[in-house]
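Chemist: Using only what follows, build the 3D model:
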Amino acid sequence: MPTGKAQELADQKQLDLVMIAPKGNPPVCKIMDYGKYRFEIAKKEKEIRKNQRVIDVKEIRLSASIEEHDMAVKAKNADKFLDAGDKVKVTIRFRGREMAHREIGFQVMETFNSMLTAEIEIERKPRLEGRSMIMVLAPKE
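Modeler: I've put the predicted structure just below:
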């Protein structure tokens, strides 16, 4: 259909002539209410953004010589973060001669995991990176 005739049809129905596929042979057009179409697309995008949840990564720092009660307090905080749906990055920083006893760091990580009450999934096992040992925990879905 010629463009002029299609435009007349759209004007009679008080709608817009919208080009859907301009590179097609012949180009494809559609008669529609373009304002309503744009509104519906914006509404769908807003709904998608509303249902989206941004996952934060919270960090908890431990030391190789941490006391039992201090670790329990940090485990309680980690439980709160995991229940809220956030990931938790547990870090142990080794200072001075502590580097010679890395196995203590692994024991601290194991003890910390056993103190957690939330359902967790170990996303990254304890691994040494320089002078730090890092482990990432995520809530189970």
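Chemist: contacts, neighbours, all on C-alpha from now
Modeler: Noted.
Chemist: mind giving me the domain split of the protein?
Modeler: Segmentation of the chain into domains, based on automatic domain parsing, reads 3-51, 57-139.
Chemist: Deepest-packed of those domains, please.
Modeler: Stretch with highest mean neighbour count among those: domain 57-139 (a mean of 16; mean count of other Cα atoms under 10 Å).
Chemist: Quick one: mean pLDDT for the strand or helix carrying Glu123?
Modeler: Assessed by DSSP states H and E, Glu123 sits inside strand 120-129. For strand 120-129, the mean per-residue pLDDT is 91.
Chemist: which residues touch that strand?
Modeler: Residues outside strand 120-129 that contact it (Cα atoms under 8 Å, 6 or more residues apart in numbering) are 82, 106, 109, 133-140.
Chemist: 7 Å instead?
Modeler: Under the contact criterion Cα atoms under 7 Å, 6 or more residues apart in numbering, strand 120-129 has outside partners 133-140.
Chemist: which ones are touching the residue positioned nearest the centre of the chain?
Modeler: Residue closest to the average C-alpha location in the chain (Cα atoms, centre = their mean): Ile55, at 3.9 Å. Going by Cα under 7 Å, 6+ apart, Ile55 touches 85-87.
Chemist: Recalculate using a threshold of 10 Å.
Modeler: 84-87, 138 (Cα atoms under 10 Å, 6 or more residues apart in numbering).
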